[in-house]
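In: got a structure for you, letters missing:
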């Protein structure tokens, strides 16, 4: 439901803009509003709830999220709707950060990408069902109906959490979470490189996705009734990509990152060149879903690997990074549209951002290889000790990653 709320504006952008009397780029900033709330909320709420029971945290955040959706449905103006999006996003961010940390804690290091693929699969399902459904509601019952629908879903989710999530005690003694210890992860340059790669990949996708509806109608010439179908196809592609990434990323993490992000760069560039063709626009929307979400499990697993000592903040950092991209992408895409370059320009913008993600990943891989080599060979100990060092290095999440 939280993912549906984040993405559904792509399908109701035009009726919402008409009703509130704002431009398409201004309406697109509501996507950025949600993303800004996620960026701020993920680390802040992760830190604030570090020593609270997980069940209590999830219940509280989900209740706030539902109230934020109701406020959005009742919003009398663009400003009030913008504020409701930020509040909902703060709660959503905390929910994702806690959920990601729990998911990773339940599996071994070698299955982190697969565990995150399960969580990211919720994004795909939201794109397949929730976003097109929101678009249909927006077209036939008004855009406010889409917000009411998400609010109702949040009530169902709240009942599910209360009924199914067991009560747990917060660890005590030496095992208790310590914010100061977790904050030390930000001294590692690999954490920052992982953050930038995640942000740029998200920005590349959302530079286009936020304006996909007007691109399909105004540039490709499709009827508005086609928008829910194309959004659903993007979601199908996302589900396929998530499955592929979850299956291969644990064994070939950097290979998955390079392949997926490079493919997204190519798809966006081709879409920019062929956006006036309805067939190309529809087919490439599907392909972008595949390529973008193939990398999602790998990007999440990479962050947990390099921030292994701070799982709670690792989840929060990944959530924040993804939504930095969700903020940056629509903003840059809106600038391109406002400059008069047309809707194909948002695809060029996305391609440029994806290319930055490829370069960042290349730098991270180079540092990773240098670090792995130094850990294994930088010892002048006897052969037996050297073998012990090698085994120890192989157990480290950072060293265990393969191309």
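Out: Arrived safely, thanks for sending. Just so we're clear, the structure is a prediction, and the values are computed from it rather than from any experiment.

In: could you use CA atoms for every contact and neighbour count after this?
Out: Noted.

In: go through the host helix or strand of residue 336 and flag the buried ones.
Out: With the criterion set as DSSP states H and E, the secondary-structure element containing residue 336 is helix 311-338. Taking 16 or more other C-alpha atoms under 10 Å as the basis for neighbour counts, the residues of helix 311-338 that come out buried are 311-337.

In: and it, what does it pack against?
Out: Based on contacts counted as 3 or more C-alpha pairs under 8 Å, 6 or more residues apart in numbering; DSSP states H and E, the elements that helix 311-338 packs against are helix 24-48, helix 78-105, helix 179-183, helix 189-209, helix 296-306, helix 344-377.

In: for residue 146, find the nearest of those helices.
Out: Of all the helices and strands packed on helix 311-338, the one in closest proximity to residue 146, counting by C-alpha to C-alpha, is helix 78-105 (13.2 Å).

In: low-confidence ranges, this protein, go.
Out: For the chain, the stretches flagged by pLDDT under 70 are 1-7, 10-11, 99-135, 139, 165-166, 168-179, 309, 311-312, 372-403.

In: which ones are touching the most centrally placed residue in it?
Out: Residue closest to the mean C-alpha point of the chain, counted by C-alpha atoms, centre = their mean, is residue 322 at 4.3 Å. Taking C-alpha atoms under 8 Å, 6 or more residues apart in numbering as the definition of contact, the neighbours of residue 322 are 198-199, 201-203.

In: reformat these as CSV; add neighbour count and distance to residue 246.
Out: Below are the contacts of residue 322 laid out as CSV (neighbours: other C-alpha atoms under 10 Å; distance: C-alpha to C-alpha, whole Å):
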residue, neighbour count, distance to residue 246
198, 31, 16
199, 27, 20
201, 33, 17
202, 27, 18
203, 32, 21
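
In: just checking, residue 327 touches residue 36?
Out: Yes: between residue 327 and residue 36 a contact is recorded at 6.2 Å, counting by C-alpha atoms under 8 Å.

In: before we move on, back to that, residue 61: which of the helices and strands packed on helix 311-338 is closest?
Out: Short answer: helix 78-105, nearest of the helices and strands packed on helix 311-338 by C-alpha to C-alpha, at 4.8 Å.

In: span of stretch 301-320 from start to end?
Out: 15 Å (C-alpha to C-alpha, to the nearest Å).

In: chain center to that stretch: distance?
Out: 13 Å (C-alpha atoms, centre = their mean, to the nearest Å).

In: what's the answer for stretch 66-84, then?
Out: Taking the mean C-alpha point of stretch 66-84 and that of its whole chain, the gap between them comes to 23 Å (C-alpha atoms, centre = their mean).

In: now the end-to-end length of that stretch.
Out: Distance between the two ends of stretch 66-84: 11 Å, counting by C-alpha to C-alpha.

In: buried set for it?
Out: For stretch 66-84, a neighbour-count test (16+ other C-alpha under 10 Å) marks 66-75, 78, 81-84 as buried.

In: now swap in stretch 248-263 and tell me
Out: Taking 16+ other C-alpha under 10 Å as the neighbour-count basis, stretch 248-263 is seen to contain the buried residues 248-251, 253-258, 260-263.

In: then stretch 341-356?
Out: When burial is assessed from 16+ other C-alpha under 10 Å, stretch 341-356 yields the following buried residues: 343-356.

In: tally of neighbours for residue 362?
Out: Counted with other C-alpha atoms under 10 Å, the neighbours of residue 362 add up to 17.

In: ok, it - contacts?
Out: For residue 362, the contacting residues are residue 258, by C-alpha under 8 Å, 6+ apart.

In: how near is the nearest residue to the residue nearest to the centre of the chain once chain neighbours are set aside to residue 47?
Out: Closest residue to residue 322 apart from its sequence neighbours, by C-alpha to C-alpha, 6 or more residues apart in numbering: residue 199 at 4.9 Å. Separation of residue 199 from residue 47 (C-alpha to C-alpha): 21 Å.

In: fine by me, we can end here.
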